[in-house]
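1. Starting from these lines, generate the structure:
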Amino acid sequence: DVQLQASGGGLVSAGGSLTLSCAASGFPFNDYSIGWFRQAPGKEREKISCITNSDGSTYYLESVKGRFTISSDNAKNTVYLQMNVLEPEDSAVYYCAANEYHCMRPRYDFWGQGTQVTVSS
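-> Next up, the predicted model:
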């Protein structure tokens, strides 16, 4: 049974930090890529970061470069998204997802439930 459990969201003031976690089970974690996506009300979902576990390559949306860091703990089957210098524009529901190819592949096969991030100004 494939499961992706996203957690760590919350309410934070602008300039603050949060760390999101995505705990995975039910598939060979080391062979999969994990992506973080977000969707704000009235906006389309966007991919903000991803990591290809097989080679460690990463991707960041331009607007989060230098502020967000993705990392993977293969022993814990968990991917983290460290978010620093948060801005009100970062407020959204954040989702993690998995695919069995490179993380830049557009299609993701498995999705977790979202975790809400709210940044107050």
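
2. all contacts plus neighbour counts: C-alpha atoms, from now on.
-> Noted.

3. Next up, the contacts around the residue lying closest to residue 40 once chain neighbours are set aside.
-> Nearest residue to residue 40, sequence neighbours excluded (CA to CA, 6 or more residues apart in numbering): residue 92, at 4.2 Å. Neighbouring residues of residue 92 by CA atoms under 8 Å, 6 or more residues apart in numbering: 38-41, 116-118.

4. Check those residues for burial and list the buried ones.
-> 38-40, 116-118 (16 or more other CA atoms under 10 Å).

5. Can you add pLDDT and secondary structure and give the contacts of residue 92 back as a markdown table?
-> Shown next, in a markdown table, are the contacts of residue 92 (pLDDT from 0 to 100; DSSP: H, G, I helix; E, B strand; the rest coil):
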| residue | pLDDT | secondary structure |
| --- | --- | --- |
| 38 | 98 | strand |
| 39 | 98 | strand |
| 40 | 97 | coil |
| 41 | 95 | coil |
| 116 | 98 | strand |
| 117 | 98 | strand |
| 118 | 98 | strand |
